[in-house]
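# coords please:
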Amino acid sequence: MWFPPDHPLVLRARELCMSYPEAVEAISHGRCTFRAGKRQFAIVGNGREAAVLFIPDDMERPVLLERADVFVPPYEGAYGWLAIRVDTDAGDWELLAELIDTSYRRIALQRQLRALDGGSP
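Numbering: from 1, shown residues only. Take a look at the predicted model:
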């Protein structure tokens, strides 16, 4: 496991991901993943590469792929996922927070979205 649960990248990603309704963390295929119920919305690490995988908005995908730090991950890319390289100390954490928010919203259930947006259950 290249990015164990106590790795600084996982700690930073956890801080962002666990604030979402019903978010849980699980180890899958040796990586820390963050889920809304059973569906993943963020994955930490791409092999040895410090990156966070996410599900982009379809309209933003082409623009994101123009960035030097965004790439299509080998396995998850076939399912629409993208990844962004992140330096734990100097990463663009504001952008990553936005990407994680979009990813969560893409897979969350309606009740989770209502809870996130402050609507009635």
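
# secondary structure class for the spatially most central residue of the chain?
Nearest residue to the geometric centre of the chain (C-alpha atoms, centre = their mean): A42, 2.5 Å. Classification of A42 using DSSP: H, G, I helix; E, B strand; the rest coil returns strand.

# was I right about E49 contacting V86?
No - counting by C-beta atoms under 8 Å, E49 stays clear of V86, with 9.6 Å between them. The C-beta positions use only the backbone N, C-alpha and C, and glycine is treated the same way.

# so which of those two has more stuff around it?
Using other C-beta atoms under 10 Å as the criterion, E49 and V86 rank with V86 on top: 22 against 13.

# quick one, what contacts the more buried one?
Applying C-beta atoms under 8 Å, 6 or more residues apart in numbering to V86 gives the contacts L9, R12, A50, A51, V52, D69, D92, W93, L96.

# export the residues you listed as a markdown table, with columns for neighbour count and pLDDT.
As requested, the contacts of V86 are arranged in a markdown table below (neighbours: other C-beta atoms under 10 Å; pLDDT from 0 to 100):
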| residue | neighbour count | pLDDT |
| --- | --- | --- |
| L9 | 19 | 92 |
| R12 | 18 | 93 |
| A50 | 18 | 92 |
| A51 | 23 | 94 |
| V52 | 27 | 96 |
| D69 | 14 | 93 |
| D92 | 15 | 82 |
| W93 | 16 | 89 |
| L96 | 18 | 94 |
